[in-house]
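K.L.:
Sequence and predicted structure, then a few things I'm wondering about:
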Amino acid sequence: MTIVDNDNIDLSNINRQIPALHSTAGQSKAQVLGARLKDINPALDLTILEIFIKDDLTKELLDSTKWDYVVDCIDTLSAKTFLIKGCIDRNLPIVSSMGAGGKVDPSQIKVTDISKTYICNLAKYVRKRLQSMGIKKGLKVVFSPEKADQDKIIVTEKAFPKKSIIGTLSYMPAIFGCTVASVVIQDLMVKD
């Protein structure tokens, strides 16, 4: 397993990210999550890359080994779409999580092709960017068509490299994550 994440834990993450605690604030998300995974399974073959993947780094990473499955939980549009395109170009199985921000109803979460997403703002921007790269379908995604309250979106430079942020309820990222994990496990079971 390889974890790729360049973020540090912020106190604002505590409500929705399992490695985020007062005792881990300021620490590397990848390192804290890696330590937790190794505590669960000490035999886990784990690589931790504390990098922000984009452009050539993405190509190098995708070409560095034979990946069984890629899980995309990136929330920065350019890095997200570059990773997706890289996987599709290399015929690597990938599942991509769309936006959990502003959503409250877990019963609306769906697994589908990117071409069949609707209402989700992140999915809309991902679709548009992928279409400009010649990709209209063929990407499995987890998304929710629940309409987020647009008044809750905060446009801020503090979200760099993103342009805005929206609050996320504690349980939604976990449910998105469990749904993504179920996709990977089911696909790998079929593959074997």
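P.N.:
That came in fine, so what should we check first?
K.L.:
which one is the residue nearest to the spatial centre of the chain nearest to, not counting chain neighbours?
P.N.:
Central residue of the chain (CA atoms, centre = their mean): residue 73, 0.4 Å from the mean position. Sequence neighbours aside, residue 97 is the residue nearest to residue 73 in space, at 4.8 Å (criterion: CB to CB, 6 or more residues apart in numbering). To be clear about C-beta, it is placed using only N, CA and C from the backbone, and glycine gets the same treatment.
K.L.:
Report the contact partners of the one you found.
P.N.:
For residue 97, the contact set (CB atoms under 8 Å, 6 or more residues apart in numbering) comprises 71, 72, 73, 141, 142, 143, 176, 177, 180.
K.L.:
Mind pulling up the pLDDT for it?
P.N.:
pLDDT, residue 97: 98.
K.L.:
any chance of the contacts of residue 97 in TSV, plus distance to residue 152 and secondary structure?
P.N.:
Output for the contacts of residue 97, formatted as TSV (distance: CB to CB, whole Å; DSSP: H, G, I helix; E, B strand; the rest coil):
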residue	distance to residue 152	secondary structure
71	27	strand
72	24	strand
73	21	coil
141	22	strand
142	21	strand
143	18	strand
176	18	helix
177	22	helix
180	24	helix
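K.L.:
ok, which pair from those residues is furthest apart?
P.N.:
71 and 143 (14.6 Å; CB to CB).
K.L.:
Those two: who's more crowded?
P.N.:
residue 143 (27 against 18; other CB atoms under 10 Å).
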